[in-house]
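> let me see the structure of the following:
(one chain, ligands or ions: 2)
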Amino acid sequence: MILGIETSCDETAAAVITRGGEIRANVVASQVALHARFGGVVPEVASRRHLELVAPVVREALGEASAALEDVQLVAVTHGPGLIGALLVGLSAAKALAWGRGLPLVPVDHLHGHVASLYLEPDPLEPPFLGLLATGGHTLLLDVQDRAGYRAVGTTIDDAAGEAFDKGARLLGLGYPGGAALDRLAQDGDPEAFDFPVARIEGLDFSFSGVKTALLYAVKKLEPAELERRRADLAASYQRAIVRALVERARTAAAQLGHERIAVVGGVAANSELRASLPDAALAPLALCTDNAAMIASAGRYVEPLAPPTYLDLDAYAAA
Ligand code: KG4
Ligand code: ZN
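Residues are numbered from 1 along each chain as shown. Ligands and ions are numbered 1, 2, ... in the order given. Next comes the predicted model:
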């Protein structure tokens, strides 16, 4: 059994999986409600909440897996990128659990974790493929040749796709984080109602700051009653622009690199229009799109573990 721990942002998560990639437990304690009134994640508040939650969440994961600490042979933990204080809570907990039992520890890159959400049972994906990783913090095109890692071939030069969804949702009064709410609202709207083009920039990179500004101006131009009436159209058109950019660039990158397969991971992979726009792609299972520890444990299977006590001075990192 592998115990995975993830605390890079506002989800306290622990999971138990087998070496073969079967999920025995996948517990996620979301802090969304705690941060909602601030309109975003407050790092110090997140760290303190992780501290309260990490032990109970690990205990719950073990319980759900009908496992004891004695059944765990390897501890996998996110050590970056993310909020540094939040990461340190999970990393310290993982070190303590591993060292206390003389177990090896494997440090996992959070983005590798998102990719490894595709390697779990019952339908594990075999590389090579072109990965599209879209979260609240990153938008990357990845050349994935094997399960041990990835090579980034494109990134965003400003906002991440999830960030664009969240900022758009905020402009439409949908609260934080609003990606999923915007997705739901868009289902009642006309995606052709407004023209919100996404900037096409050189190479395989993305830019989402322009489309956000276009939405802002469209919202400002409408009278309150009219705005209320057109909210679903605005959401649908905005979502269409972001999804188009993601799909276009992913297809271009796949063609350039000679990949037959496109795979989509990360929180934005839960978006219904994105999923529908890539019918041939491998899509991360819905439950594994947003942050969780099963994906971290999964990635841990393909990274060299560190023997005790060599990992005790291991550090977390905020940015890749
Ligand atoms: O991967 P994730 O849980 O956290 C990061 O590593 O950032 O991704 C969270 C992001 C948020 O921006 C959220 O609004 C977005 O994923 N998201 C969605 C949907 N569900 C979550 N965006 C668009 N449509 C969705 N259905
Ligand atoms: Zn993430």
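
> chain center to the helix or strand bottoming out on mean pLDDT in the chain, what's the gap?
Of all regular secondary-structure elements in the chain, judged by mean pLDDT, DSSP states H and E, the least confident is helix 32-36 with a mean of 86. Averaging C-alpha positions (C-alpha atoms, centre = their mean, to the nearest Å) puts helix 32-36 17 Å from its chain's average.

> for it, buried residues please.
residue 35 (16 or more other C-beta atoms under 10 Å). C-beta: built from backbone N, CA, C; applies to glycine.

> which strands or helices does it pack on?
Of the remaining helices and strands, those touching helix 32-36 by 3 or more C-beta pairs under 8 Å, 6 or more residues apart in numbering; DSSP states H and E are helix 43-64.

> and after the helix it packs on, which helix or strand comes next?
strand 74-80 (DSSP states H and E).

> which residue ranges of this protein form helices?
Taking DSSP state H as the criterion, the chain contains helices spanning 32-36, 43-64, 84-100, 110-116, 161-171, 179-186, 209-221, 224-257, 272-277, 294-300.

> helices or strands next to the fifth one in the packing?
Packed against helix 161-171 by the contact rule (3+ C-beta pairs under 8 Å, 6+ apart) you find helix 179-186, helix 209-221, helix 224-257.

> in JSON lines: those, plus mean neighbour count.
Formatted as JSON lines, the entries for these read as follows, by neighbours: other C-beta atoms under 10 Å:
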{"stretch": "helix 179-186", "mean neighbour count": "21"}
{"stretch": "helix 209-221", "mean neighbour count": "16"}
{"stretch": "helix 224-257", "mean neighbour count": "19"}
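
> nearest to ligand 2, of the ones you listed?
With respect to ligand 2, and counting by C-beta to the ion, the nearest of those is helix 179-186 at 12.3 Å.

> quick one: that closest one to helix 161-171, angle?
Direction vectors for helix 179-186 and helix 161-171, defined by axes from the mean of the first three to the mean of the last three C-alpha atoms, to 10 degrees, enclose an angle of 60 degrees.

> residues in contact with helix 179-186?
By C-beta atoms under 8 Å, 6 or more residues apart in numbering, the surrounding residues in contact with helix 179-186 are 136, 162, 165-166, 168-169, 172, 174-175, 231-232, 235-236, 238-240, 267-268, 270-273.

> same question for stretch 230-247.
If you take C-beta under 8 Å, 6+ apart as the criterion, stretch 230-247 is touched by 132, 134, 139, 161, 164-165, 168, 172-173, 182-183, 185-198, 206, 208, 211, 215, 218-219, 222, 227, 268, 271, 273-274, 277-278.

> which ChimeraX command selects the buried ones in these?
This is the ChimeraX syntax for the buried subset of those, where burial follows 16+ other C-beta under 10 Å:
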select :132,134,139,161,164,165,168,172,182,183,185,186,189,191,193,194,196,198,206,208,211,215,218,219,227,268,271,273,274,277,278
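
> among the contacts of stretch 230-247, which ones lie close to ligand 1?
By C-beta under 6 Å from any ligand atom, the members of the contacts of stretch 230-247 lying near ligand 1 are 165, 183, 268, 271.

> wait, what's in contact with residue 110?
6, 8, 78, 80-82, 291, 296.

> what subset of those residues is also close to ligand 2?
Among the contacts of residue 110, the ones lying close to ligand 2 by the criterion of C-beta under 5 Å from the ion are residue 291.

> ok, the contacts of residue 110 vs ligand 2, which is closest?
Nearest to ligand 2 among these, with distances taken as C-beta to the ion, is residue 291, at 4.4 Å.
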